[in-house]
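*Asks:* Starting from these lines, generate the structure:
(2 chains)
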Amino acid sequence: DGGITQSPKYLFRKEGQNVTLSCEQNLNHDAMYWYRQDPGQGLRLIYYSQIVNDFQKGDIAEGYSVSREKKESFPLTVTSAQKNPTAFYLCASRSGAGNTIYFGEGSWLTVV
Amino acid sequence: GDSVTQMEGPVTLSEEAFLTINCTYTATGYPSLFWYVQYPGEGLQLLLKATKADDKGSNKGFEATYRKETTSFHLEKGSVQVSDSAVYFCALSETDSNYQLIWGAGTKLIIKP
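*Replies:* Residues are numbered from 1 along each chain as shown, chains lettered A, B, ... in the order given. You can find the predicted model right below:
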């Protein structure tokens, strides 16, 4: 089945560690996105990519990094510079011809 | 800039009640409008959308009509079920902004049996 797969579903990070969240889509979508959601809050855009090997910062990019080496993959690294990383992270994608964004199931990151 | 305003939650209803969740927007162009639903602990699912004025989006008994004159896209359902309990997000996107979504804050819906 086509879709967006995020892994892991749950991840625990120690202070000072970098962690990488995986996002893979087999929808042949051009654009991919990473959002952060804090409990009881809305979504905030971290990074987005319209095309392979290109990406732009969103509203809250500090402390995060991404890469887009393949069309189907858009991993997010949460670096030690992100002071409050505990949140729910959502990956999304959109076809180049469409205006509808589709989401993965999300990844929970907790700092311990 | 563009913005989306939703009614604050939580909204608590009894099963089989009529639901309205208000959503209004401000936009410089002609946006597309969306409702997404998020069940506890899950990602967001597209519920319905409308791409031009007077369009009506519908899915799973939910409906919303794109009202340009009132800049609104209110979500309605005639008879809610316990399984409709979730958080509902209204959003817009514009071609000029590369289809970036502008989000409302979300409205939590609680349906009691």
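*Asks:* Could you report the neighbour count for A:Gly63?
*Replies:* Applying other CB atoms under 10 Å in any protein chain shown, we find 15 residues neighbouring A:Gly63. Heads up, the C-betas are built off the backbone N, CA and C, glycines and all.
*Asks:* quick one: it and A:Lys83 touch, right?
*Replies:* Yes - with contact defined as CB atoms under 8 Å, A:Gly63 counts as touching A:Lys83 (6.9 Å).
*Asks:* shared neighbours, the two?
*Replies:* The overlap between the contact sets of A:Gly63 and A:Lys83 (CB atoms under 8 Å, 6 or more residues apart in numbering or on different chains) is empty.
*Asks:* can you pull the contacts of B:Gly41?
*Replies:* A:Gly106.
*Asks:* which residue sits closest to residue 20 in space, ignoring its chain neighbours?
*Replies:* Using chain A. Leaving aside its chain neighbours, A:Thr20 sits nearest to A:Thr77 (4.7 Å; criterion: CB to CB, 6 or more residues apart in numbering or on different chains).
*Asks:* my bad, chain B
*Replies:* Excluding the flanking residues, the one nearest B:Thr20 by CB to CB, 6+ apart is B:Glu76, at 5.2 Å.
*Asks:* Just give the strands next to the helix or strand harbouring that neighbour in its sheet, each with its orientation.
*Replies:* Assigned by DSSP states H and E, B:Glu76 belongs to strand B:75-77. Strand pairing for strand B:75-77, determined by DSSP bridges: strand B:19-21 (antiparallel), strand B:62-65 (antiparallel).
*Asks:* can I get those in a markdown table with mean neighbour count and mean pLDDT?
*Replies:* What follows is the strands paired with strand B:75-77, written out as a markdown table (neighbours: other CB atoms under 10 Å in any protein chain shown; pLDDT from 0 to 100):
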| stretch | mean neighbour count | mean pLDDT |
| --- | --- | --- |
| strand B:19-21 | 18 | 97 |
| strand B:62-65 | 20 | 98 |
